[in-house]
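Trainee: here are the coordinates; sequence isn't available:
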């Protein structure tokens, strides 16, 4: 690749199911000078998250859809190659909203400077100390609100969010059951992360029966990453006043005809609260969250996996791993300098 | 009818769709002596509520299903004809959990004595000062939590719950839009009850478009009595951090194949909270609620309708009016002495 050109993977057409290379082709465009107040960064790490699939659709989500022709939007970490702002200088490392592209241009004021000499690998700011860790932290504690002794069920439990949710719930004194898609993932969350029990959702058969068996006292908090049939099964096992924290329904993103949950009447039967959220809802408390998460990581109380794939040109096939569960841990594309 | 026999409408088989006379036949059984601690009451008013339909199904709801062979459960007001408890004496009027029957037996301690000389028609204790009024009061204020200036949307807005919800929301300074099933009901809620706007859901066509037009600033609180397609339409019009208070989904009770809502992804898109509740969740605050509701009624600030039908033998066809919307206001069967 030619470093003097900006390779961009952009949205050519809105995918109905899984995005294909014709939905997300690339182009090489000349680099340009940043405008006044802007900086341009060379992207080092590109975060791949299920939410990006939502932004490819036309409907307004919590932020506006990606426009046709625009680079695919994602969180990035990059090094400043040129700045026309006093806020940043060449060589600084920043986190920013960027795209699936070699260079990102943006207002320097909207870029968050990182200290690359603090002994923390930069990729962690996209995972456990970034959006996925913060989603787990605020989603569990502020939306799920588990009490000691209660049972917390987590889907996609070996994922970047679910794995952190389960470990925080254990620290809060809960019984924690995780659902994951392979024996290896199930072993990891029980043997390494300390989950009390794991359910392999690909082999367990009837979800409701499997959850009931793993949660003999019922479920007080269900942290839901997937939706679909697993949500329907979990709804049947909820205790009175249970909370369902919903940070996304990955099972439905690529299926426009996905039926709604059938067992929502449990809402009234058990006085249940189902609450959707995005991490940006807690933006004014990010510093608190990062501080707490970093303390746990440093103390060895919080383990996590990063699934880092090299090469910008691998971005689309790597992104698709999110939807068949073949990644393990936070999925990131690295684009080494 | 023979007053010396206890006529009981009981559950012979669990209905799949609307209950029929063969699902709910009657029998005449001899009256018996109350047991120690029990009282027997002659029922004067029998409350007909959508929730009763849920109790006829096999699944555990917030209270256990009605057992096959048992009288259909409902709230009643009756006069004590015999008591074997110091708590009640012959002639007292009480509210109790009872059944579709002439006489109800029960622990005197579980019967709530009413003052029939307080100048309040007894039927009001089953409507605006009873379960439906309390459902509206706590459901709106504790679950919906509207702020002054926000928009509150109410379905089944001419019903016993919805009509009270809308009037309380107006007192809280909200813009209030109600959905009802006839022009007469729409006129009543706007002209008599002070709703800002009404939508006739039987003639409005596309629900989402109709709600959007009636709620130009979006919906902050949706008080949902019906579920189904109206819920799907409302979900699309919710503002960020909107609350959906669900006290029942009458549109789905008689349709076991009712599909789940399609637009639940709005939960995450708008950080919405959907909370189910039943009035019993607020049992320890009933006195406060009744006191406030009675004050509003006395001050003429809260209007309501009761749809009182005479004759125990009309109980099943009267109950069915709830499901085609042909009742207006709180539905009660009176069984005069």
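Mentor: Looks like it came in fine. Because the structure is predicted, anything quoted here is derived from the model rather than measured.
Trainee: tell me which parts of the stretch 101-250 of chain A are close to chain B?
Mentor: The stretch 101-250 of chain A comes close to chain B at residues A:240-241, A:246-249, as judged by CB under 8 Å from any CB of the partner chain. Yep, even glycine has a C-beta here, placed from its N, CA and C like the rest.
Trainee: helix/strand/coil for the closest residue to residue A:316 other than its chain neighbours?
Mentor: Closest residue to residue A:316 apart from its sequence neighbours, by CB to CB, 6 or more residues apart in numbering or on different chains: residue A:24 at 5.3 Å. Residue A:24 carries the three-state label coil when classified by DSSP: H, G, I helix; E, B strand; the rest coil.
Trainee: Show me the domain layout of chain A.
Mentor: A:5-127+A:304-334, A:131-280 (automatic domain parsing).
Trainee: From chain B, how far off is residue A:13?
Mentor: 21 Å (CB to the nearest CB, to the nearest Å).
Trainee: Oh, that last question was meant for residue A:136, not what I typed.
Mentor: Taken as CB to the nearest CB, the span from residue A:136 to chain B is 15 Å.
Trainee: Pull the residues that contact the host helix or strand of residue A:268.
Mentor: If you go by DSSP states H and E, residue A:268 is part of helix A:266-269. Residues outside helix A:266-269 that contact it (CB atoms under 8 Å, 6 or more residues apart in numbering or on different chains) are A:235-236, A:238, A:272, A:274, B:54, B:59-62, B:246-249, B:274-278.
Trainee: Apply 10 Å and report the result again.
Mentor: Contact partners of helix A:266-269, identified using CB atoms under 10 Å, 6 or more residues apart in numbering or on different chains, comprise A:232, A:234-238, A:240, A:242, A:244, A:261, A:263, A:272-274, B:51, B:54, B:59-63, B:224, B:227, B:244, B:246-249, B:274-278.
Trainee: I'd like the distance from it to the chain centre, please.
Mentor: 29 Å (CA atoms, centre = their mean, to the nearest Å).
Trainee: Tell me which helix or strand comes right after it.
Mentor: According to DSSP H and E, the helix or strand after helix A:266-269 is strand A:273-276.
Trainee: ok, and does that following strand reach over to chain B?
Mentor: Yes. Judged by CB under 10 Å from any CB of the partner chain, strand A:273-276 comes into contact with chain B at A:273-276.
Trainee: Among those residues, list the two that are farthest apart in space.
Mentor: A:273 and A:276 (10.9 Å; CB to CB).
Trainee: neighbour-wise, which of these two wins?
Mentor: Set residue A:273 next to residue A:276 and count neighbours by other CB atoms under 10 Å in any protein chain shown: residue A:276 wins out with 27 against 21.
Trainee: Grab the nearest non-local neighbour of the more buried one.
Mentor: residue B:267 (3.1 Å).
Trainee: contacting residues for the residue nearest to residue A:316?
Mentor: Residue A:24 neighbours (CB under 10 Å, 6+ apart): A:9-13, A:15, A:56, A:66, A:71-72, A:100, A:315-316, A:319.
Trainee: Just send the residues you listed back as a markdown table, with pLDDT too.
Mentor: Output for those, formatted as a markdown table (pLDDT from 0 to 100):
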| residue | pLDDT |
| --- | --- |
| A:9 | 98 |
| A:10 | 98 |
| A:11 | 97 |
| A:12 | 97 |
| A:13 | 97 |
| A:15 | 94 |
| A:56 | 94 |
| A:66 | 95 |
| A:71 | 97 |
| A:72 | 98 |
| A:100 | 98 |
| A:315 | 97 |
| A:316 | 97 |
| A:319 | 96 |
